[in-house]
Every structure is written in C-alpha cells, then in structure tokens.
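Engineer: below: sequence and its predicted model.
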Amino acid sequence: MVTAVPPLEDELGDVLEKALRQTGLALPLLAERAQVDAARLRDAIDYRSDLTCDELRRIATVLGLNEVGLCALGVGRYPLPEIGSLPFCVYPLHMAHGIGVANAYLVTERGADHGLLFDAGAAFSSLQRVWPAAVKKIDAVFLTHVEAEHAGGLCEALKAFGTPRAFVPEGASAPCAEPLGEGAVQVFGQLEVTAFGTPGHCAAHNCYLVGTPPPREGSALLVSGDLLFAGSVGGGYFCQQRLAEQLHRILAAVPENTVVAPGHGPMTTMENERQFNPFLA
C-alpha cells in the first residue's frame, strides 16, 4: 500500500537525462552552451543537484524545455493541481514499483459496483491490496501497454472477476486480450472509451480517453500510460521522435480541463502540464 498522493515519477536528474537523449546533445556540449560546470550537471543527473534557477533557465533554453517547470522541479516544488469533479468515479490504484509507484485505475458510473479497469499492475495480488471494497465486478480491462508492471495481473484479474473482455494496443501480444487500434470506441453503459495509438515509449502503446457518450457532460479522463506524467514524459525507448509527435498530438486532441491519469506518479490535468511540464515548452 502507498500514500494517496504518490511522488512524482521523475526528479530533476531524470528530466535532464531524458532531455539530453531527446535532443541528442552530449553533456559537455550542454555544459558549454548553458555556461554551467559539467561536473555540477553530472551531480544533478545523479540526484545531487545544487543548480540555481538561473542556471536551470539557461539549461532549459538550450534543451528547449519549459523553464518555469524545470526550476520548480529543481527546488522540489513542482505544482500539482486540484483534481476537479468528473461525471463518473475514478479509483486510482497505486502499487509500489521501485522507489515510486505503478498505477492502475478503476472507473465506474456514480454509485455503481462495477466498472472498467485500466492497466492491471505487476500481479493480481498487488491489485488486491489496493482494491476498493465498493467495486465487485470488472466489465472490461484496457491495457496501455504490456510491460510487466502494467500487465502482469491481467489474466488472473479476468478470471477472478469473470470479466468477458480485455483490450491491448494493436501490435501488442497478451493472452486473454484482443487488439484495440487508433480511434476505436468502446461503450459500457454511460462510459465511453476512445483509443489513441501512441507509440514511442514502446512500439505498441495506447492512451485512453474516458468520457460520457453524447451529449457529453463534464470533463474527461485521459489514461496516459507511459506517454505523459505529472512533470515529465515517458522514456522514448522505442522511438524518441514518435513519442514527442504523439505527445503533441494528444495535447491538441483533448481539452485543457481533461484529468490525466498517468502510469506512474500522481494524477494531474492537461492545463497544469501545458503550463508547467518541462517537455511541453
């Protein structure tokens, strides 16, 4: 069991390392262009930062990052928004993963004891430890991608809850599940789920926009997997360029009041990340 509001997935060092990979810059060249001592940059990447906001602003300029968000990370004060009301219930399921958390999410209609599960944890036992007593049944499971910490509990969860359907991104391979590609829509009662194919972190990755069927009411929820985090983005292990392209496509496709439910770290909003996320300059 972990705290209700988990820590950020990435610290300053993680963000700098990802930005260097994204730009292809070597650290000595960044140090030269930003006029920051290379040894102090290495310390920052190794989580021993004493960089000033003035130095971080110069680094942000060279790396094309949001300087306000980068400085906020540097002083340990990255802002998190109040999560407003949604036209349905969301249960964040935070499970310990390394020094942080991996997240799954249950979404139900208000007052219902059944709903949809997004991602499945590393194991069903991990899900059980954080499962809300109010939810007795899963109507369907949607996986953002099939990495172990997000998919390991899938088949056992389907069996335990008698769930008839599970979906994975097109191109992913997972037992017990069927592919769901770009633009596909699934409706379960008053919950509508739209799939966005967002490769980059891995070759087969989906984000899911959860809302109510037309006429739509209230905000929507974006289950962003390992594409977008509060204060950072996922690592582009499959393709950095495609991750960046998909990130900006999603930003253009969903409204600012959309609540973001990432695969790691705390929930946030699209408005907050547009304003502060270092990678969304």
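Structural biologist: That came through, no problem.
Engineer: can you pull out the strands in the stretch 51-200 of the chain?
Structural biologist: 89-97, 100-108, 114-118, 137-142, 165-169, 178-180, 185-188, 191-197 (DSSP state E, counting those that start in this stretch).
Engineer: show me what the last one is packed up against.
Structural biologist: Using 3 or more C-beta pairs under 8 Å, 6 or more residues apart in numbering; DSSP states H and E as the contact test, the elements touching strand 191-197 are strand 114-118, strand 165-169, strand 185-188, strand 206-211, helix 240-253. The C-beta positions use only the backbone N, C-alpha and C, and glycine is treated the same way.
Engineer: ok, then the element right after the longest one?
Structural biologist: This points to helix 240-253. strand 259-262 (DSSP states H and E).
Engineer: circling back: mind putting the strands of the stretch 51-200 of the chain into JSON lines with distance to Asp43, mean neighbour count and mean pLDDT?
Structural biologist: Putting the strands of the stretch 51-200 of the chain into JSON lines (distance: least, C-beta to C-beta, whole Å; neighbours: other C-beta atoms under 10 Å; pLDDT from 0 to 100) gives the following:
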{"stretch": "strand 89-97", "distance to Asp43": "26", "mean neighbour count": "19", "mean pLDDT": "96"}
{"stretch": "strand 100-108", "distance to Asp43": "21", "mean neighbour count": "24", "mean pLDDT": "97"}
{"stretch": "strand 114-118", "distance to Asp43": "38", "mean neighbour count": "25", "mean pLDDT": "98"}
{"stretch": "strand 137-142", "distance to Asp43": "41", "mean neighbour count": "20", "mean pLDDT": "98"}
{"stretch": "strand 165-169", "distance to Asp43": "38", "mean neighbour count": "23", "mean pLDDT": "97"}
{"stretch": "strand 178-180", "distance to Asp43": "44", "mean neighbour count": "17", "mean pLDDT": "97"}
{"stretch": "strand 185-188", "distance to Asp43": "48", "mean neighbour count": "14", "mean pLDDT": "98"}
{"stretch": "strand 191-197", "distance to Asp43": "38", "mean neighbour count": "21", "mean pLDDT": "98"}
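Engineer: please produce CSV containing those strands, extended by distance to Ser49.
Structural biologist: Shown next, in CSV, are these (distance: least, C-beta to C-beta, whole Å):
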stretch, distance to Ser49
strand 89-97, 24
strand 100-108, 18
strand 114-118, 34
strand 137-142, 37
strand 165-169, 36
strand 178-180, 41
strand 185-188, 44
strand 191-197, 34
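Engineer: quick one, which of those strands is nearest to Arg249?
Structural biologist: With C-beta to C-beta, the closest approach to Arg249 among the strands of the stretch 51-200 of the chain belongs to strand 191-197: 7.8 Å.
Engineer: what's that closest one in contact with?
Structural biologist: 88, 107, 109, 115-116, 142, 167, 169-170, 180-187, 205-213, 246, 249-250, 253 (C-beta atoms under 8 Å, 6 or more residues apart in numbering).
Engineer: cutoff 6 Å now
Structural biologist: Contacts to strand 191-197, defined as C-beta atoms under 6 Å, 6 or more residues apart in numbering, come from residues 180, 182, 184-186, 206-211, 213.
Engineer: still on that earlier bit, would a markdown table of the helices and strands packed on strand 191-197 with distance to Val135 be doable?
Structural biologist: A markdown table is the format used below for these (distance: least, C-beta to C-beta, whole Å):
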| stretch | distance to Val135 |
| --- | --- |
| strand 114-118 | 6 |
| strand 165-169 | 17 |
| strand 185-188 | 14 |
| strand 206-211 | 15 |
| helix 240-253 | 28 |
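Engineer: how about these, which one is nearest Arg58?
Structural biologist: Among the helices and strands packed on strand 191-197, if distance is taken as C-beta to C-beta, the winner is helix 240-253, at 22.2 Å.
Engineer: mean confidence for the closest one?
Structural biologist: For helix 240-253, the mean per-residue pLDDT is 95.
Engineer: equivalent analysis for stretch 72-84, please.
Structural biologist: Mean predicted lDDT for stretch 72-84 stands at 96.
Engineer: start to end distance for it?
Structural biologist: 23 Å (C-alpha to C-alpha, to the nearest Å).
Engineer: and if you look at stretch 248-267?
Structural biologist: End to end - C-alpha to C-alpha - stretch 248-267 spans 19 Å.
Engineer: which residues sit against that stretch?
Structural biologist: Against stretch 248-267 from outside (C-beta under 6 Å, 6+ apart): 5-6, 8-9, 80, 83, 100, 103, 105, 219-226, 229-230, 268-271.
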